[in-house]
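K.L.:
fold the stuff below for me.
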Amino acid sequence: MQTSLIVIALFSPVQVLLFLTCFQDVVEAASGRGFGDNIQWRTLDDGKKEAAASGLPIMLIIHKSWCGACKALKPKFADSKEIAELAHNFVMINVEDEEEPKDEVFSPDGGYIPRILFLDPSGTVHPEIINKNGNPTYKYFYTNADQVVSSMKEAQGKLTGNFKVYSADEL
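P.N.:
Okay, the predicted model is just below:
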């Protein structure tokens with residue numbers, strides 16, 4: 001009886017640790033990582049699959065946990081009601097640190113951060129959708145919510161032909 005209790009006591013923490021490790025990616029993807037927990041975030045792989053199945057375009061945020069510019073953008077992004085509403089019309093993907101895709105197509109004008117890119121439902125990056133009100137040297141760098149909203153509206157029109165903004169109640 002005592003041996004059974006000892007085995008259970010030792011085995012249970014190992015099971016819990018294994019369970020948490022296996023589902024870490026799912027938990028991290030569900031987290032806004034500062035960009036808004038009210039948005040349904042996806043991993044890159046899951047987001048591409050969802051976009052292909054749903055026909056929705058992708059908005060991809062590439063950032064680093066240690067980046068000062070990323071930290072400055074996060075509350076502006078998270079607090080924007082307009083971004084939250086427009087997000088219903090996109091598959092929202094949030095990659096951080098080592099999750100950054102290595103393919104050069106995700107760094108059309110350099111590897112700076114943060115970068116926001118828009119992809120069509122087939123997963124093709126559309127480098128023509130840029131921050132038109134930002135620095136022309138860093139076309140995918142955004143400093144405020146209004147800039148992000150402007151590009152989201154452009155992407156929605158170009159990649160779906162649909163300018164309607166859906167509210168959460170309409171979905």
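
K.L.:
ranges for the helices of the protein?
P.N.:
Here the chain has its helices, by DSSP state H, at 2-22, 24-30, 44-54, 68-78, 81-86, 145-160.

K.L.:
who are the packing partners of the fifth one?
P.N.:
Here helix 81-86 is seen to pack against helix 145-160 when contacts are counted using 3 or more C-beta pairs under 8 Å, 6 or more residues apart in numbering; DSSP states H and E. Heads up, the C-betas are built off the backbone N, CA and C, glycines and all.

K.L.:
for K158, list the residues it contacts.
P.N.:
Applying C-beta atoms under 8 Å, 6 or more residues apart in numbering, one finds that K158 lies in contact with 126, 128-129.

K.L.:
out of those residues, which are buried?
P.N.:
With burial judged by 16 or more other C-beta atoms under 10 Å, the buried subset of those is 126, 129.

K.L.:
want to throw the contacts of K158 into a markdown table with pLDDT?
P.N.:
Below are the contacts of K158 laid out as a markdown table (pLDDT from 0 to 100):
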| residue | pLDDT |
| --- | --- |
| H126 | 97 |
| E128 | 97 |
| I129 | 98 |
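
K.L.:
inside strands: which ones of the contacts of K158?
P.N.:
Nothing among those maps onto strands, per DSSP state E.

K.L.:
test my guess that K132 contacts S150.
P.N.:
Yes. With contacts counted by C-beta atoms under 8 Å, K132 reaches S150, the gap being 6.7 Å.

K.L.:
between the two, which one's more packed in?
P.N.:
S150 (15 against 11; other C-beta atoms under 10 Å).

K.L.:
surely the more buried one is in contact with G134?
P.N.:
No. If you go by C-beta under 8 Å, S150 and G134 don't touch, sitting 9.9 Å apart.

K.L.:
pull out the buried residues from stretch 32-44.
P.N.:
Buried, per 16+ other C-beta under 10 Å, within stretch 32-44: 32-36, 39, 41-44.

K.L.:
name the nearest of those relative to Y112.
P.N.:
F35 (17.4 Å; C-beta to C-beta).
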